[in-house]
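Undergrad: sequence and predicted structure below; questions after.
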Amino acid sequence: MLKLIALLMFALLTAACGSDDATGEDPECGANEIYNPISGACEERVRNANNVNNVNNANNVNNVNNANNVNNSNNANNSNNATNNNDDEDMGMDMPDLLCTSDNDNDGHIALECGGDDCNDLEAAQNPTQAEICDDLDNNCDSIVNNGIDCTFYAQSDQKLYLIDPFARSISEVGDVPGLFDMDTHPDGTLYGLTTTQLWRLDETSMTWVALPQPLGVDIGTANGMAIDSEENIWVTSGNNLFTVDVTTGVATLVGAMGGTYSSSGDCVVTKSDALYMTSSHTLTDSLVFIDGTTGVGSFVGTTGFNDIWALTSAWNTLYGLTSSGQLIEIDRNNGQSTLIHTFNGYSFYGAASTPDR
Ligand SMILES: [Ca+2]
Ligand SMILES: [Ca+2]
Ligand SMILES: [Ca+2]
Ligand SMILES: [Ca+2]
């Protein structure tokens, strides 16, 4: 009896295991057959494609194949790109390639967007081998304009000394001045300043102004313009007259009258080629006047469109003017026509000075 019960349990277990056979394999099925637990019979394996699991597997296989196909497709494209950039079918890549074949500004550098290193292929003064200079450009293509160089000149009110960067449109106060009407830089780098009766020089060590041994010595009236050329001549304009001042003694000498109705409005300046100019208030707006340093005779150049240009300086091949109302302007020395660069609100400029190397 016990044995019969045991045999019945064995039969039941065997039947249970057979129905739960995860693999569907049956040792009595043929090599190309698989046991179907639902029908309870062996069936050809090909028919098992209908089995839900097998269908999923087949889909998975298809998906993998599809994924591979996509990759293969990409690989094929990559291969095409690597071997043939001028493939006619790849229009998106062709346009920059054509541009890349030329150096538009002829500075020897291909444009950045074409794989070169020229940050501006339309400006020859900009490329990685260009030295940074004082202008409005990032010459060396490191994304910073005028970095690593000093692009300032001196400017003054009647009491304060400033440094102005005309490219950054910035101003900073660096010291005091003793009521100067104007100033300029000597070729040796010393800054000289002028009052109506005295020449001064700046001791840069102590940042204090020192009066020259003697007063100007002659009545120069309301002298308001001063400039120093490369031969150490100090020029002073006052009304309609031109003077020179001895840099050692500080004594002034009359050169001559300018003639006409010219009247120094606030400053004179020498260019790097020692041409002497001043602004004159004899016209509705200030004019630019050329002065012959030998005779003192003036020649009208043109009107500026600005009033009270009390400071002039020549730097970086540009003639700058500053007005009593804080305007920074650029003056065309050929015709006097001027453009506003920036207004420093709250400032009143009396003089300006650059250095000889500018
Ligand atoms: Ca270029
Ligand atoms: Ca360039
Ligand atoms: Ca730069
Ligand atoms: Ca620059």
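TA: Perfect, I can see it now. Ligands and ions are numbered 1, 2, ... in the order given.

Undergrad: all contacts plus neighbour counts: C-alpha atoms, from now on.
TA: Noted.

Undergrad: show me the strands in the stretch 201-350 of the chain, by range?
TA: 208-211, 225-228, 234-238, 241-245, 252-257, 264-270, 276-280, 287-291, 298-303, 309-315, 318-323, 327-331, 338-343 (DSSP state E, counting those that start in this stretch).

Undergrad: give the buried residues for the third one.
TA: Of all the residues in strand 234-238, those buried under the rule 16 or more other Cα atoms under 10 Å are Ile234, Trp235, Val236, Thr237, Ser238.

Undergrad: again with stretch 342-355
TA: Result for stretch 342-355 [16+ other Cα under 10 Å]: buried residues His342, Phe344, Ser348, Phe349, Tyr350, Gly351, Ala352, Ala353, Ser354, Thr355.

Undergrad: same question, stretch 110-122
TA: Ile110, Ala111, Cys114, Asp117, Asp118, Cys119, Asn120, Asp121.

Undergrad: right, is that stretch up against ligand 1?
TA: Yes - shown here: stretch 110-122 in contact with ligand 1 (Cα under 5 Å from the ion) through Ile110, Asp121.

Undergrad: give me every residue in this structure lying close to ligand 1.
TA: Asp103, Asp105, Asp107, His109, Ile110, Asp121.

Undergrad: make it 6 Å
TA: Asp103, Asn104, Asp105, Asn106, Asp107, Gly108, His109, Ile110, Ala111, Asp118, Asp121 (Cα under 6 Å from the ion).

Undergrad: helices of this protein, residue ranges please.
TA: All helices of the chain, identified by DSSP state H, fall at 2-19, 52-83, 91-100.

Undergrad: worst mean pLDDT across the helices and strands of the protein, which element?
TA: helix 52-83 (a mean of 37; mean pLDDT, DSSP states H and E).

Undergrad: for ligand 1, give me its nearest residue in the stretch 251-358 of the chain.
TA: Nearest to ligand 1, among the residues of the stretch 251-358 of the chain, is Trp316, at 24.0 Å (Cα to the ion).

Undergrad: adding mean pLDDT and distance to Phe181, write the strands of the stretch 201-350 of the chain out as JSON lines.
TA: Below are these laid out as JSON lines (pLDDT from 0 to 100; distance: least, Cα to Cα, whole Å):
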{"stretch": "strand 208-211", "mean pLDDT": "94", "distance to Phe181": "14"}
{"stretch": "strand 225-228", "mean pLDDT": "94", "distance to Phe181": "7"}
{"stretch": "strand 234-238", "mean pLDDT": "94", "distance to Phe181": "11"}
{"stretch": "strand 241-245", "mean pLDDT": "95", "distance to Phe181": "15"}
{"stretch": "strand 252-257", "mean pLDDT": "95", "distance to Phe181": "16"}
{"stretch": "strand 264-270", "mean pLDDT": "93", "distance to Phe181": "8"}
{"stretch": "strand 276-280", "mean pLDDT": "96", "distance to Phe181": "14"}
{"stretch": "strand 287-291", "mean pLDDT": "98", "distance to Phe181": "19"}
{"stretch": "strand 298-303", "mean pLDDT": "98", "distance to Phe181": "21"}
{"stretch": "strand 309-315", "mean pLDDT": "95", "distance to Phe181": "9"}
{"stretch": "strand 318-323", "mean pLDDT": "97", "distance to Phe181": "13"}
{"stretch": "strand 327-331", "mean pLDDT": "98", "distance to Phe181": "17"}
{"stretch": "strand 338-343", "mean pLDDT": "98", "distance to Phe181": "21"}
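
Undergrad: thanks a lot, see you next time.
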